[in-house]
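> any chance you can model this:
(chains A and B)
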Amino acid sequence: DAKTTQPPSMDCAEGRAANLPCNHSTISGNEYVYWYRQIHSQGPQYIIHGLKNNETNEMASLIITEDRKSSTLILPHATLRDTAVYYCIVRAISSGSARQLTFGSGTQLTVLP
Amino acid sequence: DAGVTQSPTHLIKTRGQQVTLRCSPKSGHDTVSWYQQALGQGPQFIFQYYEEEERQRGNFPDRFSGHQFPNYSSELNVNALLLGDSALYLCASSLLTSGVGDTQYFGPGTRLTVL
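Presented below is the predicted three-dimensional model:
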């Protein structure tokens, strides 16, 4: 699976949009971009994933550049409960085999009051 | 709430002992993956079970073993515990037969402390 690069930490004001970047310049055509977050000492929480089109769900939006070499996770109105480590993971999908998730160091997002 | 449950929540063992951790997957899921997360690090993949067989394995010694039962629940066993085995052990479930894009959902984890 392709390697990802994320900033180690970011701050965001409560109520503002949080934009978390991720670089994955060696991504292959069959690799999806997944985002998880982990609030202190809890299990990682799935947020969203995408292949090449932008995706949106009730938690966040995922914007993937046209060349697929980078992506941005957007939390539209950050709250204090969004303070967590956010992991960007690139994972190949192949029919018949479930690939493991390879976690990096992630980005510590701190939402400030 | 992802629906994945793990037990126990916390566990304290001494070096050399053996431990068994348990995981019940989300309803309808057929695949269980186990991860180890040391303090301050991201989770590391241990192994994955599907159809009661180990399908993939990460870079962990054979002191780490597992099992999946017909009801899809799973156990992680660690023998001859070392201090370095102290970590948060995470279980994730997914539905392999869902086709492309099986998303893994994590449980709350078991905190293992080895003294």
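
> report the buried residues of the helix-or-strand element of chain B with minimal mean pLDDT.
None of the helices or strands of chain B scores lower by mean pLDDT, DSSP states H and E than strand B:53-57, at a mean of 91. Buried residues in strand B:53-57, counted by 16 or more other CB atoms under 10 Å in any protein chain shown: B:R55. In short, each C-beta sits where N, CA and C put it, glycine included.

> show me the contact partners of that strand.
Contacts made with strand B:53-57 from outside it, assessed by CB atoms under 8 Å, 6 or more residues apart in numbering or on different chains, are listed as A:S97, A:A98, A:R99, A:Q100, B:T31, B:F45, B:I46, B:F47, B:Q48, B:Y49, B:G66, B:Q68.

> same check, this time on stretch A:103-113
Contacts of stretch A:103-113 (CB under 8 Å, 6+ apart): A:3-14, A:18, A:20, A:36-38, A:44, A:78-89, B:35, B:41-44.

> restricted to strands, list those.
A:9-13, A:18, A:20, A:36-38, A:84-89, B:35, B:44 (DSSP state E).

> show me how to select, in ChimeraX, the buried members of these.
Command for ChimeraX that selects the buried part of the ones in strands among the contacts of stretch A:103-113, burial taken from 16+ other CB under 10 Å:
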select /A:10,12,18,20,36,37,38,84,85,86,87,88,89 /B:35,44
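
> ok, of the contacts of strand B:53-57, which one's closest to B:V114?
B:I46 (16.0 Å; CB to CB).

> now the closest one. Nearest residue, chain neighbours left out?
Spatial nearest neighbour of B:I46, chain neighbours left out: B:W34 (4.3 Å); criterion: CB to CB, 6 or more residues apart in numbering or on different chains.

> the one you found pairs with what?
B:F47, B:C91 (DSSP bridges).

> so it touches B:C23, yeah?
Yes. In this structure, B:W34 is within contact of B:C23 by CB atoms under 8 Å, at 7.5 Å.
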